[in-house]
Structure formats: structure tokens, C-alpha cells
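Novice: generate a structure from the sequence data that follows.
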Amino acid sequence: MSEAAEITRRAKSNLAFALRILPTRQRRDTIVFYAFCRTLDDLADDDTLPLTERRVRLAQWRDALTSAPAEGASLQRSVVELQQRHRIPVGLLTAVVDGCLADLEPRRFATWNELDPYIGQVACAVGRVSAHLYGCKDPAADAYADALGRALQLTNILRDIGEDLDRGRLYLPLEDLERFGLDEADLARREASPAFLRLMEFEADRVEAFHREARAVLPASDRPALAPALVMADIYTSLLARMRNDGFRVFRTRYRVPSATKFAALARHLPFALRARLRG
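Specialist: From the prediction side, this is the model:
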């Protein structure tokens, strides 16, 4: 098993699940990209390593993308080869690195307009690269990737509030907390107060607005190619609904989507994926 495939197998993430719908060649390429993202994210979160070492290692990844991979670094070579073969803009890959570098020294975001560029690095750039790998042709696929990326990342932020606080991180815009009479100290108490629930409903409405935007800009010609993204959209819609229906008990519960729901999403979009294979 390749290094990338082993990283993906261990992750057991929603995205890794959605990749099952791809034909073998595309799945192999997308697994390399997923392993790249997973490796960077894990490195940024690895508290067993000194902060300076994590920063150096992430910088080495950036150097590999803009100059040459380190000797013996097989995953780096695979990612560079992937970038060159698919003509992926290097800036999309370095944006992912920069997003992880930003997480090393967590900052606060005063407004949504401050948070959005960060989401662009860690989510929208990932979606745009994925669109390249899926074989999308319509430029509107980038707009779809951006809208869906915002929806997925904000869902993760809502689910992971407690874990992020443990790491000293807070991604929700401070202006949103203030809107409902909250501050960081209130979140630190991990209480599902009425004000907290109103905040979470507000953010959930924002997620749903991004999902609607994604559906509105979905290019019909690339819908078959975007089958994995559509699976992800369904899984994350279900994840948000589970949180919402359960009263956003995010400080007590690690919300997950049942396997049956995931397989139902896979089956729902499989005909489009098969159409993409026939077209290819």
C-alpha cells in the first residue's frame, strides 16, 4: 500500500469515504491530494512537536511545492508530480500550507470578512484542486467549490468548537458572539445557554445559505464529475441536521454521520459518477 493510501485509510474521514465513488485512476490521484491535506493538518495539530519544528516542517512542504521535494520524501514527490501532471496552480497548494501555518499561532477573527480568507485557504482551495482532479471543465466549478468549501468548513467549526477551544483556537467571528451577547469567556464555560443556541442557529443558517449558493452555481455539465463533492454536500447536510435537531450539544457530543446515511448519499450520486466514467 502506498504512503498516501495508508494515510487515507487511517483517516476514515467523510472525504475519504466520498472518494469511493471515483474511478480507480482519479481515486488514486485524489488520495494523494487527500494525504497531502491530512499530513499538513495533522502536523499543525501535533502537540508532541515543538512549535518551531512544526513551522519548519510546514515550510519544507511549501519549499517542496515551489522548488523541489526533500530527498527521500516520497509523498512530497507524489504531490509535486500530481500538480505538474494536472497543471494545478501551485498557489492553490501553497494556500493550504499557509492555512496550516496560520493555525500554529491561533488568532481571533473580528468579522466574517476576516475569517473568510482563512476558509479560502483551508477549504475553498482544497475544493478547487479537487475540481481539477475530478476533471471539471466549466469555470463555474470553482464557484461551486468555493461555496461548498465555506459550507463544509463552517460546519466543522460548529462541530469542533470545544476541541478548538482546548487548543486555544476560536474560529467564530467575534462580531457574531457580540450579536448574541456572548464573549469568549462564555464559550469557555461550555454551557448551552439560550444565547449560545441562538448563535449556533445563526451560524447554521449561514451554512445552509452557502449550500443553497453551491446548488445554484453547480455547473450542469460538470455534475457527473462533481459526484464526490455532491456526496460530501449530502453528508455534511446530514451532519448539520443532527447537530441542529439535538440542540447543538457540541460540548458533550462528537457528532458523526451513520454509515447507512453515507452509503445512501453514495448510492444517490452513483449514477452521475457512472455517467462521468462513460463520458471519459
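Novice: give me the most central residue, this protein.
Specialist: Nearest residue to the geometric centre of the chain (C-alpha atoms, centre = their mean): A123, 4.5 Å.
Novice: just want the phi and psi numbers for that residue.
Specialist: Per-residue torsions, A123: phi -130, psi -50 (degrees, to the nearest 10).
Novice: roughly how far apart are it and A220?
Specialist: 24 Å (C-beta to C-beta, to the nearest Å). For every residue, glycine as well, the C-beta is placed using N, CA and C.
Novice: just checking, the residue nearest to the centre of the chain touches T155?
Specialist: No. Judged on C-beta atoms under 8 Å, A123 makes no contact with T155 at a distance of 10.2 Å.
Novice: next, show the common contact partners of the two.
Specialist: Contact criterion C-beta atoms under 8 Å, 6 or more residues apart in numbering; residues shared by A123 and T155: none found.
Novice: let me know the pLDDT of the residue nearest to the centre of the chain.
Specialist: At A123, the predicted lDDT confidence score is 97.
Novice: quick check: mean pLDDT across stretch 154-165?
Specialist: Averaged over stretch 154-165, pLDDT sits at 96.
Novice: sorry, that was for stretch 47-63
Specialist: The model assigns stretch 47-63 a mean pLDDT of 94.
Novice: before we move on, the earlier item: quick one: contacts for the residue nearest to the centre of the chain?
Specialist: A123 neighbours (C-beta under 8 Å, 6+ apart): G149, R150, L152, Q153.
Novice: of those residues, which belong to strands?
Specialist: Among these, DSSP state E puts none in strands.
Novice: which of the residues you listed sit farthest apart?
Specialist: Using C-beta to C-beta, the contacts of A123 span at most 7.5 Å, a distance reached by R150 and L152.
Novice: of those two, which one has the most company?
Specialist: Applying other C-beta atoms under 10 Å to R150 and L152 shows that L152 carries more neighbours, namely 29 against 25.
Novice: would you mind measuring from the more buried one to K137?
Specialist: In this view, L152 and K137 are 23 Å apart by C-beta to C-beta.
Novice: please apply the same query to A125.
Specialist: Distance of A125 to K137, given as C-beta to C-beta: 19 Å.
Novice: go on, P258?
Specialist: Distance from P258 to K137, counting by C-beta to C-beta: 35 Å.
Novice: helices of the stretch 1-150 of the chain, residue ranges please.
Specialist: 3-11, 14-18, 24-45, 51-66, 74-86, 90-104, 112-119, 125-134, 140-159 (DSSP state H, counting those that start in this stretch).
Novice: including distance to L266, could those go into JSON lines?
Specialist: As requested, the helices of the stretch 1-150 of the chain are exported to JSON lines (distance: least, C-beta to C-beta, whole Å):
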{"stretch": "helix 3-11", "distance to L266": "16"}
{"stretch": "helix 14-18", "distance to L266": "7"}
{"stretch": "helix 24-45", "distance to L266": "13"}
{"stretch": "helix 51-66", "distance to L266": "31"}
{"stretch": "helix 74-86", "distance to L266": "24"}
{"stretch": "helix 90-104", "distance to L266": "26"}
{"stretch": "helix 112-119", "distance to L266": "26"}
{"stretch": "helix 125-134", "distance to L266": "15"}
{"stretch": "helix 140-159", "distance to L266": "17"}
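Novice: those helices: lowest mean pLDDT?
Specialist: helix 3-11 (a mean of 66).
Novice: what sits against G120?
Specialist: For G120, the contacting residues are A95, D146, G149, by C-beta under 8 Å, 6+ apart.
Novice: cutoff 10 Å now
Specialist: A95, G99, V126, G127, R128, D146, G149, R150, Q153 (C-beta atoms under 10 Å, 6 or more residues apart in numbering).
Novice: now flag whichever of these is closest to I161.
Specialist: Closest approach to I161 among the contacts of G120 (C-beta to C-beta): Q153, at 13.3 Å.
Novice: tally of neighbours for that closest one?
Specialist: For Q153, the neighbour count with other C-beta under 10 Å is 25.
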